[in-house]
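1. prediction below, plus the sequence it came from.
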Amino acid sequence: MNTFFCSDYSRQAGEDIIGSATNYQTYILIECPPPWTSEAFNSKWVPENLRILVEEVKRAKLPIRFLLIANELSHKVNQTTLLIYQKKEGLSNGYHKQEFILSNIDQVAAVVQKWLWGIGSNSEVETSETRDILVCTHGSYDKCCARYGNPFYFHATATISDLDLDNVRIWKSSHFGGHRFAPTVIDLPEGRYYGVLDQDSFRSILTRTGDIQCLHQVYRGSGILPAALQILERELILSEGWDWFNYKIAGKILEQSLDNNTILAELSFEKSSGSLYTYQAKLVKDVTKTQKLKSSCNAPQESVITKYALSSVWLTSTKVMTYST
């Protein structure tokens with residue numbers, strides 16, 4: 001019997017989880033009751049037209065991530081929630097949400113198809129500001145997500161209700177990467193990824209209070225930034241504190257050496273006051289943290305997981321926005 005768990009292995013190896021958030025232009029989240037097969041869109045409740053659409057989008061290499069989501073009511077209600085989160089342009093605090101309430105999952109493909117063509121749908125609903133927290137519980141894809149994701153989801157539901165947060169929804173989700181950091185979470189609309197969470201660190205993230213240093217262990221990075229920049233962002237969060245979560249950010253890689261051992265990157269952020277700061281950083285391959293690991297429970301062999309460290313950071317510009325009255 002194989003008792004190997006990739007997340008236990010990653011924790012024992014002391015792997016630093018920063019820089020592991022994936023960067024997508026769009027998330028399309030479709031409510032669909034479990035059980036889900038290991039290829040989620042082959043699950044029995046997923047209609048053929050949706051499966052075909054997901055395949056076509058994949059073949060066209062569009063920067064869209066389709067995920068199945070579910071909560072405790074998904075198998076009881078006679079409607080299907082469809083959420084489309086699209087990355088905002090320029091300096092931003094994450095993604096823009098559109099929400100559709102459909103009478104069943106068979107209608108999803110047509111609405112998504114229209115959305116891809118830029119055509120609206122009368123099933124779109126006006127929604128208030130909500131946070132949608134996705135917890136990967138996709139155990140048929142990787143058993144760590146069942147072992148750690150399911151209990152985390154159960155307790156997190158209670159934590160949200162204890163804190164009386166009526167603008168936060170929590171969903172079970174199909175696989176979105178990084179199961180060796182289970183339990184792993186995406187917090188939308190910000191698009192921030194977290195891993196190896198417990199209820200204390202989760203509570204801090206929900207309320208943006210408590211010791212910011214917990215992010216050193218549990219923050220995987222912002223999905224709106226390239227992986228290397230996620231490392232610089234974490235340093236800035238740890239120095240700026242929870243206020244950072246109200247800032248708008250943008251980042252880009254300026255140069256990368258051919259062997260990928262050094263990267264020059266730039267990150268800009270705008271504070272709530274309107275002041276704009278731009279930092280540049282040189283990142284180098286961190287030989288002490290780069291290690292060979294199995295990236296999932298079913299991985300046939302170990303692979304080299306390259307990690308970067310900040311070798312220097314400097315402020316390149318500061319602008320104070322003045323608004324004339």
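-> Perfect, I can see it now.
2. in the protein, which spans are helices?
-> If you assign secondary structure with DSSP state H, the helices in the chain sit at 6-12, 48-59, 108-116, 143-144, 150-162, 199-207, 215-218, 227-240.
3. what residues of the second one count as buried?
-> This points to helix 48-59. Neighbour counts using 16 or more other CB atoms under 10 Å place 49-50, 53-54, 57 of helix 48-59 among the buried residues. Bear in mind the C-beta positions are built from the backbone N, C-alpha and C, glycine included.
4. could I get the helices of the chain as TSV with distance to Asn78 and mean pLDDT?
-> As requested, the helices of the chain are arranged in TSV below (distance: least, CB to CB, whole Å; pLDDT from 0 to 100):
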stretch	distance to Asn78	mean pLDDT
helix 6-12	37	67
helix 48-59	18	96
helix 108-116	15	95
helix 143-144	32	64
helix 150-162	22	93
helix 199-207	30	97
helix 215-218	37	94
helix 227-240	41	94
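5. ok so, going back, now the buried residues of helix 48-59 as CSV including distance to Val135?
-> Below are the buried residues of helix 48-59 laid out as CSV (distance: CB to CB, whole Å):
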residue, distance to Val135
Asn49, 28
Leu50, 22
Leu53, 25
Val54, 21
Val57, 24
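6. looking at the residues you listed, spot the one nearest Ala40.
-> The shortest gap between Ala40 and any of these belongs to Val54, at 9.2 Å (CB to CB).
7. which residues are in contact with the closest one?
-> By CB atoms under 8 Å, 6 or more residues apart in numbering, Val54 lies in contact with 41, 66.
8. apart from its neighbours in sequence, what residue is nearest Arg51?
-> Using CB to CB, 6 or more residues apart in numbering and skipping residues adjacent in sequence, the residue nearest Arg51 is Phe41, 5.1 Å away.
9. hmm, back to that, out of the helices of the chain, which gets nearest to Arg180?
-> Evaluated over the helices of the chain, closeness to Arg180 peaks at helix 6-12, with 4.1 Å, by CB to CB.
10. and the helices of the chain, which is most packed in?
-> Of the helices of the chain, the one with the most neighbours on average (mean count of other CB atoms under 10 Å) is helix 143-144, at a mean of 24.
11. tilt between the lengthiest strand in the chain and helix 227-240?
-> Longest strand in the chain by number of residues (criterion: DSSP state E): strand 308-320. Orientation of strand 308-320 against helix 227-240 (axes from the mean of the first three to the mean of the last three CA atoms, to 10 degrees) gives an angle of 60 degrees.
12. buried sites along strand 308-320?
-> Using 16+ other CB under 10 Å as the burial criterion, the residues of strand 308-320 that qualify are 308, 310.
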